[in-house]
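Asker: Provided below are the primary sequence and the corresponding predicted coordinates.
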Amino acid sequence: MFLKGKTALITGSTSGIGLGYARALAAEGANVMINGLGDQAEIEANVADLVTISNAGALYSSADMTKPDEIRAMVADCTAQFGSPDILINNAGIQHVAPVDEFPDDKWDAILAIILSSAFHTTKAALPGMKTKGWGRVINTGSMHSLVASPYKSAYNAAKHGLAGFTKTIALEVATQGITVNCICPGYVWTSLVENQIPDTMKARGLTRDQVINDVLLANQPQKQFVQVEQLAALAVFLCRDEASAMTGANLSVDGGWTAQ
Ligand code: NAD
């Protein structure tokens, strides 16, 4: 329980990878504030579960990651309840798949806001507390699409490449202050985000569901299996350890070999 007394704020953590991070950090004793959309009863059950896991605090913020005022209020609320976040994980994300000349303007704006701009607003609000304590961990969820591209995902690839650059920049800014900033770059992980993009990909490429899974999603994933949420969560926990204090500004691939090609 090496995170006892520490507080983690995780955006986009009502499901999938973010909830996996929350559970893994709670298992090390951290207070956690989760955030995201979803069914209220399910969210409340997840919060109760986190308290059981950590024997510490757990709270939920409904802040919309497209709204800077709500993001600032979320960080302030976390600070008021638990103290300023020691660990910030920028994980919220959405996807939309379409050729760029048909890409809806509102989807472009939402993807850039939720994946990239929200990380700016959370980091700006949370860093002063980390600087005061002389310790902090910022972990961004990038993607193999932070490093390489696939067609029909212009907004997502632009936002995730942006997050990779943001990670490096902030790592340099706080390099001497006990704060590390890294980006975990998963390959395909079986979560609702992947499940939800299958129908659009079927439409955009004229493929069946099985063809999308095997010939598109896993086609370039050399291990031919999905990354597991628990594998990403274990890396996030390691990044919080003292042994990881020299790791900063890194875009860390956990992608079954995708970006080795
Ligand atoms: P997911 O859909 O389970 O999780 C996305 C989270 O973001 C949810 O909690 C959702 O409620 C939240 N969210 C969406 N819009 C929001 C908003 N406006 N405000 C606040 N929260 C919002 O999917 P996931 O796969 O767990 O995705 C988590 C992160 O991992 C994303 O950044 C995604 O891009 C990244 N990622 C996923 C994969 C994959 O294959 N699943 C691969 C690489 C990277």
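Answerer: Here it is on my side, so go on.
Asker: the residue nearest in space to the middle of the chain and residue 15, how far apart?
Answerer: By Cα atoms, centre = their mean, the chain has its centre lying nearest to residue 91, at 1.8 Å. For residue 91, the distance to residue 15 (Cβ to Cβ, to the nearest Å) stands at 10 Å. (C-beta placed from N, C-alpha, C; glycine too.)
Asker: which element is residue 29 on?
Answerer: Counting by DSSP states H and E, there is no helix or strand that carries residue 29.
Asker: wait, doesn't it sit right on residue 54?
Answerer: Yes: contact criterion Cβ atoms under 8 Å: residue 29 and residue 54 qualify, at 5.6 Å.
Asker: more neighbours: those two, which one.
Answerer: residue 54 (23 against 16; other Cβ atoms under 10 Å).
Asker: residues of the helix or strand bottoming out on mean pLDDT in the chain that come out buried?
Answerer: Least confident helix or strand, the chain: helix 192-205 with a mean of 87, by mean pLDDT, DSSP states H and E. For helix 192-205, a neighbour-count test (16 or more other Cβ atoms under 10 Å) marks 193-194, 197-198, 201-202, 204 as buried.
Asker: just those that are near the ligand?
Answerer: Restricting the buried residues of helix 192-205 to those touching the ligand (Cβ under 6 Å from any ligand atom) yields 193-194.
Asker: what about stretch 245-261 and the ligand, any contact?
Answerer: No: Stretch 245-261 does not reach the ligand (Cβ under 6 Å from any ligand atom); its nearest approach is 8.1 Å.
Asker: need the contact list for the residue nearest to the centre of the chain.
Answerer: Neighbouring residues of residue 91 by Cβ atoms under 8 Å, 6 or more residues apart in numbering: 10-13, 17-18, 21, 140-141.
Asker: most widely separated two among the residues you listed?
Answerer: 13 and 140 (13.5 Å; Cβ to Cβ).
Asker: overlap in contacts of those two?
Answerer: Common neighbours of residue 13 and residue 140 (Cβ under 8 Å, 6+ apart) are 89, 91.
Asker: residue 216 reaches residue 206, doesn't it?
Answerer: No: using Cβ under 8 Å, residue 216 is not in contact with residue 206; the gap is 11.4 Å.
Asker: tell me which helix or strand comes right after the biggest helix by length in the chain.
Answerer: The single longest helix within the chain, with elements called by DSSP state H, is helix 154-173. Once helix 154-173 ends, the next helix or strand along the chain (criterion: DSSP H and E) is strand 179-186.
Asker: note down every partner strand of that following strand and its orientation.
Answerer: Neighbouring strands of strand 179-186 in its sheet, by DSSP bridges, are strand 136-141 (parallel), strand 251-254 (parallel).
Asker: low-scoring stretches of this structure, by residue?
Answerer: Of all residues in the chain, none has pLDDT under 70.
Asker: residue numbers of it in contact with the ligand?
Answerer: Checking the chain against the ligand by Cβ under 6 Å from any ligand atom, the hits are 12-18, 35-38, 64-66, 91-94, 114-115, 141, 143, 186, 188-189, 191-194.
Asker: let's see the PyMOL selection covering just the buried ones among those residues.
Answerer: Buried members of the residues of the chain next to the ligand, defined by 16+ other Cβ under 10 Å, are picked up in PyMOL with:
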select buried, resi 12+13+14+15+16+17+18+35+36+64+65+66+91+92+93+94+114+115+141+143+186+188+189+191+193+194
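Asker: inside helices: which ones of the residues of the chain next to the ligand?
Answerer: Reading helices off the residues of the chain next to the ligand with DSSP H, I get 16-18, 192-194.
Asker: and residue 88, how far from residue 261?
Answerer: Using Cβ to Cβ, we find residue 88 at a distance of 32 Å from residue 261.
Asker: more crowded one of the two?
Answerer: It is residue 88, of residue 88 and residue 261, that has more neighbours when counted by other Cβ under 10 Å, with 29 against 8.
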